[in-house]
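**Q** below: sequence and its predicted model.
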Amino acid sequence: MKFSSKLFLIFSFLSSSFAFVQDSDGLEEVTVTAQRQEQSLQSVPLAVSSLDTDDLAARQIEEAKDLQMFIPGLRFGGNIGEGSGSFEIRGMTNGATSGTSDPGVAVHINDMAVGVVDVASGGIYDMQRVEVIRGPAGTLYGRNAIGGSINFITAKADTSGFYGSSKVDLGDYGRFGTESVFNVPLDDSVALRVATYTLRQDPLIENIYSQGQDIDNRNQSAYRLTLTFDASDNTTVNVIHSASLEDSTRNVSAGSWCDRDPSLVVGCTQVAPENQKFEIANPMSTFVENLLVAQGVLDFTPITDMSGAPQQFWQVNLRGTPMYTVDEYLTQVLIDHDISDELFLSVAASRKDRDFNRREAWESPELDTLRFLDSPATPNGLGTMSDTFNPACSVESYTAGWFGGCILDTVNNPVGAFGYMSEQITDSVEMKLVSSFDGAHNFLFGMNYYKNVSDTNTDVVASGLDALTKAPAAALVGAQLNALGIQLYAPHFRTANIDTIESSAVFGEYYYQANDDVKITFGLRYTDDFKEALPSNPFINVFGYQKGFMTDVLAGMLTGGQVPSAAAWEALFCPPGGAFCPAGIPGREGLSGPGEAYKAAGFDTTLETSKFTGRFVVDYFINSDSMMYVSLSKGFKGGGINPGFDPAAFAGVPTGFPDADVWNVEIGFKNEFPDQGIRFNVSAYASQVENFHIGKIINRTTINEGIDVDITGLEAELLVVPPEVPGLSFNASISLTNSSIADGEKALDVINRDLQLSGGGAEWHLMKDEQSETYIVKKTALAAMWQTYLQEVTTFGAATTPADGIAALNPTLDGLGLVTAVFFNPIEHHGDRTFGEPTPVSYFNPFTGAMPADGHLPSLGNRLRNNADFDPLRVLAQLHGFDLVAGTDISEGLETDLSGNSLYHPESQISLGLGYLQDVGEIKINYRLDYYIQGQRYNRVYNLASDYLEGWDELGAQITVSDSDDSWFVQFYGQNITDNESIYYRNLESTAVGNYQRIMARERARYGVRAGWNF
């Protein structure tokens, strides 16, 4: 059902008083367990926020990502891959991408660490409260709580009697949601609580493909069963089992930005956000297109019709349909026991099973006009796209992909799809003992164990990859190398990882009550971490030698007689599981197992860390209503092992990244003035972080590293419930955050390897290789090599050039073969780049007389990156006297100076809530208005103007009518009623797909009605 009553809703608020849901005439005490024991919010010397079940409903917090609009310093960021999302508190988050990386903010359910949970899409329902600790919480909440922690505390069953509630939600886009709770006493000591949640919603994103269907629907369900057993007056046992399920066409992103660049090296011009466009990357800029041109599958086509490109958010042009499935189950056993009046013991165990599967859709033929030619690889202009997502298509048995007969689609254009599959099992066990003696000394002591095992696969399939494996490689590697059987294998990319995180810890705190007003807390935690990553890349589209091509003569020539025959060559280079024969092709009898490639290269696939963390706090009650505290705390976030890559092909890329350590000093004031109905809490902090984790994409794999950074900030929360105006309430919060990366910190920016976007790099030239990865070459070296190319091709190899020296290194090649292998597609040349401006390009085509402009050099250069024994570009450079020391004339890039740059956090966050509870006899009318402002921020640490994210705001409103006993209610609501584009995450895609930016945003405006019953 569609609601268009925006004006009516706003008018209702303007003509009425405004109020927060508040039945009492004053402040109510808030109980929290932020220090792992029940305490009053105002007496806890921590920056902590708590939202109970009424707060969650009143503020329309339906998913975990809604929390950022009400908790100062908290921000939610997306995760393109695994769909789980991630939190940031006070600028601290997880910037690393790895199955062994830890989050910067610990997520707990009922005090138990649960690892990756469905916080991006799962609904929040039947919660007792949600607590958010801001600042390092490593002493009590573990190694990965350097930013803070979020604890979701579910409602428990009780034996007081049978009761329950039911709620329905009807709204825009065919939204139909339900929530139900039933509390059922089974006898005087046992009760069962059943809570359910469902959501059905029509697609939010319009698919403009004429033969497509709209996408991004919701089909979710969840339930939670809680069995509570009062075993005795002193012992309570809770057994909880919950499930979160989804089978939707969720698209994750709401759109993409690209200002098409004339150059295939760039793909999309880097521009400021206000100049972004809804265009498509240069068609020659993505991974396979230039290889396909070299092999006669495509024409070189730098310009295509872009009229099919979506021109707004929430719009796509897709042929396929996205797939998004989640099956998550959590079982917990919680035992609380009062040993005595002064000692409390709790023991808990938890297991979570999570299966996640996401596959993107692929572009329609109406998006772009680039088409396959009629070629041996694409007969009649049609190509296949391999299927690896079907359970019947097994990589291990070589049935995945077109080699195994698994075809996802048959298309006439280059298209691709990304898939992510993950299976995780997370176990945790914890024991803690808490004292409450009357004297000056008390303590908390605990031990816990945590283990997470994840099996993940990341696949990229593309019609162009299929075509490459079918096309002869002679056009790319030259006739001589092609004679050896060198080909491209196989038809898709897969990065597979089996990752294990195992952690055990002992922690404790000592509390000394120096006098009635002063208390001292000293906490210490010892954590022992073990991590193992077993990556494998069974299909990488590698160059390999096919059996049957080698001859006795060639074998002896290539090895100087050391390998005298073709049979000996194949026995040496093509053993079962060998590295040189392509996987899935007859002749190779096995795949290397998880981690074997790392181990064979001498890399350690494990990481062990032991750390002490802790805190020291002094809190002082100025009077009965005001308290101040000062704290010093230390936390750490464990390092990890980088995602899988071929260590032989990409030598020098680190396999691991270090621990992140943080020191934090904080001062806070907590004030409550009951007579005035005011609660006001404020805190200021300064954090020093060593090895803050960041990631960068290299060769389609994210590599992680650490940088040092300083963070400072201020946070405040205010609640006003004036007794003189019963029902009136106002709440507000604000956070101000500033970060500065330490002087001297540098990192390689993959879109600014030549530093020309920031005004440098005048002597370097940016190029792309055969795998669409960029690198830089000294202009003097490249100019010399290009002149050699011209001499060789214009004389058909008769000229004497430095390239002729290849014969002494490889008798199967001559100078002409070498230069044509390097400059396999010499059509495009380009000049220096300037930020915000299209790259200047010119073209080389001797058949039409087109020649490159002065100062322009080739855009493409072949490095054969997956053949560790032969880099034709570097060999050619060395024959000219360049790059004799690796990196002097050919480099992966120049590092960007990060000194003083900001992290990803917004500069400010403001939340305001206002309303009024109107009692009109048998009926109550509750009005509420919520307004949130998130300030500007940068999306990357390089802080280019294109990294800048403008701030956004969101307005929510509701009017609730209920009876005086709260036995029923009807609520009219609006969310994001100004329909702002609230972009909370922007992902810069890799060079191999043209550096376009994928946008993740909060949902568009939605209006609806909710109705519920309590019984």
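**A** Perfect, I can see it now. Residues are numbered from 1 along each chain as shown.
**Q** where does pLDDT dip in the stretch 501-650 of the chain?
**A** Counting by pLDDT under 70, the stretch 501-650 of the chain has low-confidence residues at 537-550, 554, 556-562, 569-592, 597-598, 600-602, 644-650.
**Q** what segments of it are helices?
**A** 552-558, 566-573, 596-600 (DSSP state H, counting those that start in this stretch).
**Q** nearest residue to residue 270 in space, please, no chain neighbours.
**A** residue 946 (4.2 Å; Cβ to Cβ, 6 or more residues apart in numbering). Placement of C-beta: from N, CA and C, glycine included.
**Q** distance of the one you found from residue 258?
**A** 11 Å (Cβ to Cβ, to the nearest Å).
**Q** also residue 296?
**A** Counting by Cβ to Cβ, the gap from residue 296 to residue 258 is 28 Å.
**Q** of these two, who's got more company?
**A** residue 258 (24 against 16; other Cβ atoms under 10 Å).
**Q** distance check, the more buried one against residue 139.
**A** Distance from residue 258 to residue 139, by Cβ to Cβ: 46 Å.
**Q** do a quick rundown of the helices in this protein.
**A** 6-14, 53-58, 138-141, 289-294, 463-470, 474-477, 479-482, 552-558, 566-573, 596-600, 779-794, 806-809, 815-822, 872-879 (DSSP state H).
**Q** got a markdown table for the ones you listed, with distance to residue 305 too?
**A** As requested, these are exported to a markdown table (distance: least, Cβ to Cβ, whole Å):
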| stretch | distance to residue 305 |
| --- | --- |
| helix 6-14 | 38 |
| helix 53-58 | 49 |
| helix 138-141 | 55 |
| helix 289-294 | 16 |
| helix 463-470 | 19 |
| helix 474-477 | 27 |
| helix 479-482 | 35 |
| helix 552-558 | 47 |
| helix 566-573 | 47 |
| helix 596-600 | 43 |
| helix 779-794 | 32 |
| helix 806-809 | 43 |
| helix 815-822 | 32 |
| helix 872-879 | 34 |
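**Q** what's the closest of those helices to residue 694?
**A** helix 138-141 (20.7 Å; Cβ to Cβ).
**Q** just checking, what packs against the closest one?
**A** Contact analysis of helix 138-141 by 3 or more Cβ pairs under 8 Å, 6 or more residues apart in numbering; DSSP states H and E lists strand 492-513, strand 518-536, strand 606-623, strand 626-637 as its packing neighbours.
**Q** right, so those strands: which one is the most enclosed?
**A** Mean neighbours per residue, mean count of other Cβ atoms under 10 Å, is largest over those for strand 626-637, with a mean of 22.
**Q** between that one and strand 606-623, how big is the angle?
**A** If you take axes from the mean of the first three to the mean of the last three Cα atoms, to 10 degrees, strand 626-637 sits at 180 degrees to strand 606-623.
**Q** show me how far strand 626-637 is from its chain's centre.
**A** Remark: strand 626-637 is offset 29 Å from the chain centroid, using Cα atoms, centre = their mean, to the nearest Å.
**Q** report the helix or strand with the lowest average pLDDT across the protein.
**A** Lowest by mean pLDDT, DSSP states H and E among the helices and strands of the chain is helix 6-14, with a mean of 38.
**Q** returning to what we had before: tell me which of the helices of the chain lies nearest to residue 672.
**A** helix 53-58 (17.2 Å).
**Q** now residue 713. Nearest residue, chain neighbours left out?
**A** Using Cβ to Cβ, 6+ apart, the nearest residue to residue 713 is residue 737, at 4.2 Å.
**Q** thought that neighbour was touching residue 906?
**A** Yes. Contact criterion Cβ atoms under 8 Å: residue 737 and residue 906 qualify, at 7.0 Å.
**Q** so for those two, which sits in the more crowded spot?
**A** More crowded of residue 737 and residue 906, by other Cβ under 10 Å: residue 737, with 26 against 23.
**Q** now do the contacts for that one.
**A** 73, 90, 91, 711, 712, 713, 905, 906, 907, 908 (Cβ atoms under 8 Å, 6 or more residues apart in numbering).
**Q** burial of residue 423, as a residue count?
**A** 16.
**Q** can I get the contacts of residue 737 in CSV including pLDDT and distance to residue 786?
**A** Below are the contacts of residue 737 laid out as CSV (pLDDT from 0 to 100; distance: Cβ to Cβ, whole Å):
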residue, pLDDT, distance to residue 786
73, 95, 54
90, 95, 52
91, 94, 47
711, 98, 48
712, 98, 51
713, 97, 53
905, 95, 46
906, 96, 47
907, 96, 47
908, 97, 51
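**Q** filter those residues down to the ones in strands?
**A** Those of the contacts of residue 737 mapping onto strands are 711, 712, 713, 908, per DSSP state E.
**Q** among these, which pair sits farthest apart?
**A** 711 and 908 (14.3 Å).
**Q** compare the two (neighbour count), which wins?
**A** Legend: neighbour count by other Cβ under 10 Å for residue 711 and residue 908, higher for residue 711 (23 against 19).
**Q** what bridges to the more buried one?
**A** In this entry, residue 711 is beta-bridged to residue 687, residue 739, by DSSP bridges.
**Q** which residues touch it?
**A** Here residue 711 is in contact with 90-92, 685-689, 737-740, 903 (criterion: Cβ under 8 Å, 6+ apart).
**Q** could you do residue 756 as well?
**A** 762, 764, 766, 832, 833, 834.
**Q** residue 910 now?
**A** 732, 733, 734, 932, 933.
**Q** dihedrals phi and psi, the nearest residue to residue 693 once chain neighbours are set aside?
**A** Excluding its sequence neighbours, the residue lying closest to residue 693 (Cβ to Cβ, 6+ apart) is residue 96, at 3.9 Å. Backbone torsions for residue 96, taken as degrees, to the nearest 10, come to phi -90, psi 150.
**Q** count of residues packed around residue 96?
**A** The burial count for residue 96: 26, using other Cβ under 10 Å.
**Q** and it, what's its pLDDT?
**A** At residue 96, the model reports a pLDDT of 85.
**Q** show me the contacts for it.
**A** Contacts of residue 96 by Cβ under 8 Å, 6+ apart are 640, 657, 693, 694, 695, 704.
**Q** just give me the least confident of these.
**A** residue 695 (81).
**Q** my guess is residue 923 meets residue 963, correct?
**A** Yes. Counting by Cβ under 8 Å, residue 963 is a contact partner of residue 923 at 6.4 Å.
**Q** give me the pLDDT for the closest residue to residue 281 other than its chain neighbours.
**A** Distance criterion Cβ to Cβ, 6+ apart; nearest residue to residue 281, sequence neighbours excluded, is residue 994 at 2.7 Å. On pLDDT, residue 994 comes in at 91.
**Q** kindly report the same for the one 5 residues further on.
**A** At residue 999 the predicted local confidence, pLDDT, stands at 91.
**Q** that older thread, any chance of a markdown table for the contacts of residue 737, columns distance to residue 788?
**A** Shown next, in a markdown table, are these (distance: Cβ to Cβ, whole Å):
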| residue | distance to residue 788 |
| --- | --- |
| 73 | 59 |
| 90 | 56 |
| 91 | 51 |
| 711 | 52 |
| 712 | 56 |
| 713 | 58 |
| 905 | 51 |
| 906 | 53 |
| 907 | 53 |
| 908 | 57 |
